[in-house]
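Novice: coordinates only, sequence not included:
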C-alpha cells in the first residue's frame, strides 16, 4: 500500500479538523469535518483520534497538516525555513509511523525579513500554485485570526508576514470598552466598512480611530455599523501596509480562505486599486497534500 | 460660606478617587486617596459617599471632576464643546446642590476633527496652563488607558485626540495569544522598548509587529523584554501619529500623568527628536479646580 494507491488528507487545526479520503485517481470518495481540533483531544489522545479517522475513511496512509504539528499538537514538526517549496516540506515531514502517518511541517522566517511562522497555510498556498490558480510570483493573502500575506517567487514561499487582525477584532469585540458597540454584523457593503477602510488609508493611528467608535456612541453620531467600521479599519490598515511593502508586485492579490473574510479583503483591496482573485481553500489544501505525497 | 473661604476638590475616576481640602489661601490642609471609584459605589450611593468625604474633610463646598460626571457616575454633566476654556467649564458645572456640590463637565469634539470625548483631563490641562507650566499654545499628552493628546491654543482646549494605547496593552497582556510573553516589567531602558519604538517609527503594521513577539518566542530569538517591546510599539505608533498631526507645533510635548507612563512617552518622544516637560497631575488638577471655582 503506497501513497499512489490513495490516502487520507487531514487539515487539523486548533478548534476544527477536516479529513478527506483521496482515491488513486485524485478524486474524493469520502470526507468529514468536525470540531475535534487540538483543544478537544485529551493528553495522549492523538493515536486514538487518528485511528478513529481510519475507521471512518479506511486503513490508508495519512498525511496531516496544520496546528497538529505544533508543540501543542500530536508531535512537533520543526519549521522549514523560507524560501520553501513543496520539495522542502516533503523532505521534512515528521513521521509518526514511517510512510504511513506523517505531519507536514510549518514554515518559518528569520533574519532581516523579521521573525514569523505559519502552519497549515503553506499547504494551501503551494497547492494553489500547482493548480495554476496562484501565479508563480504572486502575493497571496490568507485572512483569519492570524492573517498571512505570502510572497511567492518562482512558485516557492519567499517571505511572509502575519498580522493579528482577526484576533484583534475578537479582543475588541469580547473584552474592550468598545464591546457593546461591536456586536453587530460585519458587511463589506456597510457604510461603516468603507468609512473604516478610508480612515485606515488616511494613515492616522488605528487606536485613535477605534476610540472614535466610543465617542460617536456617547455623542450620538454614527458612521454605519460600528462593527463594520472596526473591521474596515483593521483590514484597511493591514491591506495598506501589505500593499505598500509588496510595491509594484501587488497589482493583484490572491485570496485563500473563508468566503466571508475574503469578501471583506476584496472590498478593501478594490478600494486600494488592487485586483483580486479568490481560491477555494479546501481544493488548494488537497492539491498541496497531493503535491507533497508525490514528492515522498 | 463661599468658595473663596476654601473648598473640597475631588478627582473621582472609574476605579480610584482622590480628595483634597483646600484652604482659603489655596494651601492643602488635608487629603486622601482610595479605591472607591465609580465601580465601588452602589446604585444610589453617591450622596452617602459624598457625605462621607465631608465627614473626613469638613463641611465645605465640594467640586468634583472625572468620570463621576459620566452617565455611569453620580449625575451626567453634559460635555462642553471645543474650543473650551475654564470659563466654559465653570458656566456648565452640573450642580447636585446649587453652589455647594458641583460636577465639572467633560469636553467633547465633533465635526471635521473627528468625534472625541474627555472627562477629567480638561481640569488638569487648564490647571497646567494657569500654573504657567504648559504654554498657552502647547501640545499636551496625558498617557493612560485612553491617552489624550490635547492641542492648546491661546490657553484653551482647541482640539484633541484619544488613543486606546493603555487599554490595548492590557487587552494583549490579559487576553491575547501574546499574554504569556507579556507578563514582564516594562521599562524605557530595556532594549525591547527602543526596538518597539523603532519598529513603530518604521511605520509598518502594528498588528504584524506584535505577532513577531510570538514568532520570536517560537523560534527562540528575542529583542529585549517582550512586554517592553509591545509597549514601545504601541506608544511609538501613538507618538508618531500625534507628532505628524501636530506638525511644526510639536517641537515640545507637555506630559501630565503617572510618572512611570510619562517616562515611557518621554523616551519615545526623545527618540523622535521632540523635547518634553513633565507636570505633576495632582498639582495641575488642584490649579484647574481653583481656576474654575474662581469663575463661578
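Specialist: Right, received. Where do you want to start? Just so it is clear, the model here is predicted, and its values are computed rather than measured. Numbers count the residues shown, from 1 in each chain, chains lettered A, B, ... in the order given.

Novice: can we go C-alpha only for contacts and neighbour counts from here?
Specialist: Fine.

Novice: quick one: residue A:126 from chain B, how far?
Specialist: From residue A:126 across to chain B, the span is 22 Å (Cα to the nearest Cα, to the nearest Å).

Novice: pLDDT at that residue, what is it?
Specialist: Looking at residue A:126, its pLDDT is 98.

Novice: can I assume it is in contact with residue A:154?
Specialist: No. The pair residue A:126 / residue A:154 is not scored as a contact, 11.0 Å apart, by Cα atoms under 8 Å.

Novice: neighbour-wise, which of the two wins?
Specialist: A direct count of neighbours by other Cα atoms under 10 Å in any protein chain shown for residue A:126 and residue A:154 places residue A:126 higher, at 27 against 12.

Novice: secondary structure class for that one?
Specialist: helix (DSSP: H, G, I helix; E, B strand; the rest coil).

Novice: what's the closest non-adjacent residue to it?
Specialist: Excluding the flanking residues, the one nearest residue A:126 by Cα to Cα, 6 or more residues apart in numbering or on different chains is residue A:288, at 5.6 Å.

Novice: From chain B, how far off is that neighbour?
Specialist: From residue A:288 over to chain B (counting by Cα to the nearest Cα), the distance is 24 Å.

Novice: number of nearby residues for that residue?
Specialist: As a burial measure, residue A:288 scores 24 neighbours (other Cα under 10 Å).

Novice: Where does it sit, in terms of helix or strand?
Specialist: According to DSSP states H and E, residue A:288 maps onto helix A:281-294.

Novice: Can you give the contact residues for that helix?
Specialist: A:3-4, A:9, A:11, A:26, A:63, A:86-87, A:89-90, A:123-128, A:130-131, A:256-258 (Cα atoms under 8 Å, 6 or more residues apart in numbering or on different chains).

Novice: Any quick PyMOL command for the buried ones out of those?
Specialist: Remark: buried members of these, expressed as a PyMOL selection using 16 or more other Cα atoms under 10 Å in any protein chain shown:
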select buried, chain A and resi 3+9+11+63+86+89+90+123+124+125+126+127+128+130+256+257
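
Novice: what's the burial count for residue A:15?
Specialist: For residue A:15, using other Cα under 10 Å, the count is 14.

Novice: what about it, is that helix, strand or coil?
Specialist: With three-state DSSP as the basis, residue A:15 sits in coil.

Novice: wait, it sits on residue A:41?
Specialist: No. If you go by Cα under 8 Å, residue A:15 and residue A:41 don't touch, sitting 9.9 Å apart.

Novice: Show me which positions of stretch A:76-90 end up buried.
Specialist: Quick answer for stretch A:76-90 (16+ other Cα under 10 Å): A:76-86, A:88-90.

Novice: which bits of the stretch 101-250 of chain A sit near chain B?
Specialist: Residues of the stretch 101-250 of chain A lying close to chain B (Cα under 8 Å from any Cα of the partner chain) are A:114-117, A:161-165, A:167, A:171, A:175-176, A:204-205, A:207-212, A:215-216, A:219, A:237-238, A:241.

Novice: In strands, which of those fall?
Specialist: Secondary structure from DSSP state E places A:116-117, A:161-163 of these in strands.

Novice: Just flag the most distant two among those.
Specialist: Within those, A:117 and A:163 form the most distant pair, 11.1 Å apart (Cα to Cα).

Novice: Next up, the contacts around residue A:12.
Specialist: Contacts of residue A:12 by Cα under 8 Å, 6+ apart are A:18, A:37-38, A:64-68.

Novice: Please, where are all the helices along the stretch 151-296 of chain A?
Specialist: Along the stretch 151-296 of chain A, the segments classed as helices by DSSP state H, counting those that start in this stretch run A:165-175, A:191-201, A:206-219, A:226-246, A:259-271, A:281-294.

Novice: for those, which one ends up most surrounded?
Specialist: Across those, averaging neighbours per residue (mean count of other Cα atoms under 10 Å in any protein chain shown) puts helix A:226-246 on top, at a mean of 25.

Novice: contacting residues around that one?
Specialist: Helix A:226-246 has contacts (Cα under 8 Å, 6+ apart) with A:139, A:149, A:163, A:165, A:169, A:181-188, A:190-201, A:203, A:206, A:209-210, A:213, A:223, A:250, A:264-265, A:268-269, A:272, B:204-205, B:207.

Novice: quick check: angle from it to helix B:206-219?
Specialist: Between helix A:226-246 and helix B:206-219, the angle comes out at 70 degrees (axes from the mean of the first three to the mean of the last three Cα atoms, to 10 degrees).

Novice: can you state the direction angle for helix A:226-246 and helix A:259-271?
Specialist: Put simply, helix A:226-246 runs at 60 degrees to helix A:259-271, going by the same axes, to 10 degrees.

Novice: tell me the mean pLDDT over helix A:226-246?
Specialist: Average pLDDT, helix A:226-246: 94.

Novice: ok and that helix relative to helix A:191-201, angle-wise?
Specialist: Angle of helix A:226-246 versus helix A:191-201, following the same axes, to 10 degrees, is 30 degrees.

Novice: chain center to helix A:226-246, what's the gap?
Specialist: 17 Å (Cα atoms, centre = their mean, to the nearest Å).

Novice: got it, and stretch A:67-85?
Specialist: Relative to the mean C-alpha coordinate of its chain, stretch A:67-85 is positioned 15 Å out (Cα atoms, centre = their mean).
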